[in-house]
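**Student:** Here is the input, now give the coordinates:
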Amino acid sequence: MASKENGGASPLPTEPSQPQTNWMASNGLWNLPNILSMARVVLIPILAAVLYSPLPERGFIAFLIFLVASVTDFVDGYLARKWKIESPFGAFLDPVADKLMVSTTLVILCKLHASPPAAAAAAA
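**Tutor:** Below is the predicted model:
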């Protein structure tokens, strides 16, 4: 129907707003970026167990775990921005997962590779 207010031109068709049915892109707790952040938290004890294991290739396995965690960090941030997903839980969990992963790895590596003179100097 033409309207007289806009010079007789028909109004632009508008798309009806539909509720989001894709749980992976929802703003709730269970969306893909939040799940990826939770996966990073789950990887922390696995990484610690690998670093403390007697396996000769533990350094390479730990590197792969850390690499997977780094890639999931990039992917969850990318998806959250692309899908415009914001949740208070995600805003809290993402930086906490990052800091826990890095600090756990740093502490374990320092403990495993500390030399006695360096440890004595740090204690003084």
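
**Student:** what about Val50, neighbour count?
**Tutor:** The burial metric for Val50, expressed as a neighbour count using other CB atoms under 10 Å, is 21. Bear in mind the C-beta positions are built from the backbone N, C-alpha and C, glycine included.

**Student:** Next: the one 4 residues further on.
**Tutor:** For Pro54, the count of nearby residues is 5 (other CB under 10 Å).

**Student:** Can you point out the buried residues in the helix or strand where Leu64 lies?
**Tutor:** Element membership for Leu64, per DSSP states H and E: helix 58-82. The neighbour-count check on helix 58-82 (16 or more other CB atoms under 10 Å) flags 62, 65-66, 69, 72-73, 76-77, 79-80 as buried.

**Student:** what do you get for stretch 96-103?
**Tutor:** Within stretch 96-103, the residues scored as buried using 16+ other CB under 10 Å are 97-98, 101.

**Student:** Just the residues contacting that stretch, thanks.
**Tutor:** 37-38, 40-41, 43-44, 47, 66, 69, 73 (CB atoms under 8 Å, 6 or more residues apart in numbering).

**Student:** Is it possible to get JSON lines of those that adds pLDDT and distance to Pro88?
**Tutor:** Rendered in JSON lines, the data for the contacts of stretch 96-103 read as follows (pLDDT from 0 to 100; distance: CB to CB, whole Å):
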{"residue": "Ser37", "pLDDT": "94", "distance to Pro88": "13"}
{"residue": "Met38", "pLDDT": "95", "distance to Pro88": "15"}
{"residue": "Arg40", "pLDDT": "96", "distance to Pro88": "18"}
{"residue": "Val41", "pLDDT": "96", "distance to Pro88": "17"}
{"residue": "Leu43", "pLDDT": "97", "distance to Pro88": "23"}
{"residue": "Ile44", "pLDDT": "97", "distance to Pro88": "22"}
{"residue": "Leu47", "pLDDT": "97", "distance to Pro88": "27"}
{"residue": "Phe66", "pLDDT": "97", "distance to Pro88": "27"}
{"residue": "Ala69", "pLDDT": "96", "distance to Pro88": "22"}
{"residue": "Asp73", "pLDDT": "94", "distance to Pro88": "19"}
